[in-house]
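Visitor: Sequence and predicted model, in that order:
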Amino acid sequence: MNKNRILLATGMGIVAVLLSMVYLKEKERKFFGGAPVEILVAAMDIPRETPISEEHLAIRKIPQEFVHPHTIFPDNKEIILGQPTRYALVKNQPILWSDIGKGEGGLTGMLNPGEVAITIGVDEITGVAGNLKPSDRVNVLGTFEVGGRTITKVLLQNVTVLSVGTMIPRSENKEEVEVNMLSSMLQGPYSSVTVAVTPEEAQMLTLAREKGKLALVLRNPLDLEIREDIPEISLNSILEIEKKLTSKRKEKQIERTEIIKGGREEKEW
């Protein structure tokens, strides 16, 4: 009888441990983006048109859910060695396939297969006060009148900037590329920004800019997350959403303490 009780207690203990592991795994996935994945990043600042060598590359682990679709993994390192960088890369920046390869001149050489270029009109406010430059990544927001109310919605996320104003980096002449790139960075406020999108996204942006107002939001180059839970905002919902966001922030402050690694609390960034 005692033996049966011991076996039962042992079995229940094993089940409890397994459930705890599943719970912690789910918490880790929710708050930290899942299991870490190794990707290639720039080990140092790399100028434009620099042939990639071993010393330029480093391996970094990021949560699986934050991995960009164009990310280059360590297994593909040999493919890019010796290939020139299409853009200037910043230290610790994830290296994408779109960052590698010799340009063919103008915007054509900057587009990946399946991409098209579209230009968005901006002003000092909607264009991030003249601070955008080629290779930056942005979110595109749209504000529209729908059913008698004004709403703002995130239309696209993690979109690559190809050029700002009229300055387009070209690859026929290296000196010209550098002059155009520098001028593009320093020209200050501009009236247009050209981005790389899919044909379907281009259709959406064309209609959106005709029926509403578009704005660009600059992203951190290391931020690769594509969120699906960003709600549209209306004048009537601002206060309600603010309360929900405040509540979520409080919940995260409490729940993130449940995941302990290496004997210390993991911070959520």
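Guide: Thanks, I have it. Residues are numbered from 1 along each chain as shown.
Visitor: switch to C-alpha atoms for all contacts and neighbour counts from now on
Guide: Noted.
Visitor: Just the residues contacting the helix or strand containing residue 194, thanks.
Guide: Using DSSP states H and E, residue 194 sits in strand 192-197. For strand 192-197, the external contacting residues (Cα atoms under 8 Å, 6 or more residues apart in numbering) are 111, 115-123, 127, 159-166.
Visitor: of these, buried ones?
Guide: Neighbour-count burial (16 or more other Cα atoms under 10 Å) applied to the contacts of strand 192-197 gives 111, 115-122, 127, 159-165.
Visitor: Can you flag which of these belong to strands?
Guide: Per DSSP state E, strands hold the following members of the buried ones among the contacts of strand 192-197: 116, 117, 118, 119, 120, 121, 159, 160, 161, 162, 163, 164.
Visitor: and the two most separated of the residues you listed?
Guide: 116 and 121 (16.7 Å; Cα to Cα).
Visitor: who's in contact with stretch 53-65?
Guide: Contact with stretch 53-65 is made by 32-44, 46, 74, 81-82, 225, as judged by Cα under 8 Å, 6+ apart.
Visitor: buried stuff in it?
Guide: In stretch 53-65, counting by 16+ other Cα under 10 Å, buried: 56, 57, 58, 59, 60, 62, 63, 64, 65.
Visitor: State the distance from the second one to residue 146.
Guide: As judged by Cα to Cα, to the nearest Å, residue 57 and residue 146 stand 48 Å apart.
Visitor: same question, the fourth one
Guide: Spatial separation of residue 59 from residue 146 under the definition Cα to Cα is 46 Å.
Visitor: So which elements touch the helix or strand harbouring residue 155?
Guide: For residue 155, the enclosing helix or strand under DSSP H and E is strand 149-164. Secondary-structure packing of strand 149-164 (3 or more Cα pairs under 8 Å, 6 or more residues apart in numbering; DSSP states H and E): strand 137-146, strand 192-197, strand 233-234.
Visitor: May I see those strands arranged in TSV, with mean pLDDT and distance to residue 207 as well?
Guide: Formatted as TSV, the helices and strands packed on strand 149-164 follow (pLDDT from 0 to 100; distance: least, Cα to Cα, whole Å):
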stretch	mean pLDDT	distance to residue 207
strand 137-146	91	11
strand 192-197	90	14
strand 233-234	84	20
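Visitor: Can you tell me which of these is nearest to residue 212?
Guide: Taking the helices and strands packed on strand 149-164 one by one with Cα to Cα, strand 137-146 is closest: 4.7 Å.
Visitor: tell me the phi and psi of residue 66?
Guide: phi -100, psi 0 (degrees, to the nearest 10).
Visitor: just the helices in the stretch 1-150 of the chain please.
Guide: Along the stretch 1-150 of the chain, counting by DSSP state H, counting those that start in this stretch, helices occupy 2-32, 77-80.
Visitor: Return the set of buried residues in the last one.
Guide: Residues of helix 77-80 classed as buried under the neighbour-count rule (16+ other Cα under 10 Å) are residue 80.
Visitor: Can you pull out the low-pLDDT segments for the protein?
Guide: Applying pLDDT under 70 to the chain picks out residues 1-13, 15-34, 102-109, 166-189, 253-269.
Visitor: Give me the domain ranges for it.
Guide: 32-102, 110-228, 237-269 (automatic domain parsing).
Visitor: Of all these, which one is nearest residue 14?
Guide: That would be domain 237-269 among the domains of the chain, by Cα to Cα, at 20.3 Å.
Visitor: Tell me if I'm right that residue 156 and residue 142 touch.
Guide: No. In this structure, residue 156 is not within contact of residue 142 by Cα atoms under 8 Å, at 9.3 Å.
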